[in-house]
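Participant: only geometry, no sequence info:
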């Protein structure tokens with residue numbers, strides 16, 4: 001009886017270890033291809049729409065796909081935005097995650113809620129965590145996805161806007 005309980009205990013422990021949280025770091029792939037940072041010249045008199053790293057977003061593949069479908073996945077981010085002082089206004093930062101080949105910038109592909117951005121600041125760091133939808137978790141499980149960020153709002157002026165991702169990680173949890 002003791003052996004049976006010991007066997008069951010070890011089996012449960014091994015199963016729990018195999019379901020430990022998984023981290024998928026997207027930043028090294030972006031850095032390797034120069035998509036983690038850049039600059040864009042922005043001239044705005046009203047609507048602002050800045051797509052990062054560009055209008056295509058960034059395709060990601062080759063990561064270790066979890067063997068089981070996770071219960072929850074969060075996108076942890078840190079994005080530094082700079083500008084030379086020529087812009088004013090307010091905007092929102094939005095993150096997107098979509099299947100490869102899909103319309104990345106569709107509202108249905110947005111991850112979490114928008115984050116407020118004060119365009120009057122010459123440098124700001126935005127960081128936090130956003131939860132993926134069940135459909136986005138399915139995309140993660142496919143092994144190929146596209147990610148991007150978008151700054152949308154109302155602005156006036158002309159500026160060179162710089163961006164740098166300091167963190168872009170998917171935290172995968174099974175419980």
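Facilitator: Looks like it arrived, so ask away. Just so it is clear, the model here is predicted, and its values are computed rather than measured.
Participant: could you point out which element follows the lowest-mean-pLDDT helix or strand in the chain?
Facilitator: In the chain, no helix or strand scores lower on mean pLDDT, DSSP states H and E than helix 2-18, which sits at a mean of 47. The helix or strand immediately downstream of helix 2-18 is strand 22-25, counting by DSSP states H and E.
Participant: just the buried positions in that next one, please.
Facilitator: Within strand 22-25, the residues that count as buried by 16 or more other CB atoms under 10 Å are 22, 24. C-beta coordinates here come from the backbone N, C-alpha and C atoms, glycine included.
Participant: now the strands for this structure?
Facilitator: Counting by DSSP state E, the chain has these strands, from start to end: 22-25, 37-52, 58-61, 72-83, 87-99, 110-118, 123-131, 144-173.
Participant: what about the chain, any weak spots by pLDDT?
Facilitator: 1-19 (pLDDT under 70).
Participant: okay, which residue is most central for the chain?
Facilitator: Centroid-nearest residue in the chain, with CA atoms, centre = their mean: residue 75, separated by 5.0 Å.
Participant: not counting sequence-adjacent ones, nearest residue to that one?
Facilitator: Among residues not flanking residue 75 along the chain, residue 130 sits closest, at 4.8 Å (CB to CB, 6 or more residues apart in numbering).
Participant: circling back to that earlier point, now render the strands of the chain as TSV, adding distance to residue 31.
Facilitator: Putting those into TSV (distance: least, CB to CB, whole Å) gives the following:
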stretch	distance to residue 31
strand 22-25	10
strand 37-52	8
strand 58-61	11
strand 72-83	14
strand 87-99	18
strand 110-118	21
strand 123-131	18
strand 144-173	8
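Participant: one step back: which residues does the residue nearest to the centre of the chain bridge with?
Facilitator: Judged by DSSP bridges, the bridge partners of residue 75 are residue 130, residue 170.
Participant: was I right to think it contacts residue 110?
Facilitator: No. At 11.0 Å, residue 75 does not count as touching residue 110 under the criterion of CB atoms under 8 Å.
Participant: overlap of the contact sets of those two?
Facilitator: Counting by CB atoms under 8 Å, 6 or more residues apart in numbering, the shared contacts of residue 75 and residue 110 are residue 95.
Participant: what about residue 57, how many neighbours?
Facilitator: Per other CB atoms under 10 Å, the neighbour tally for residue 57 reads 25.
Participant: then residue 120?
Facilitator: Residues lying near residue 120 (other CB under 10 Å) number 13.
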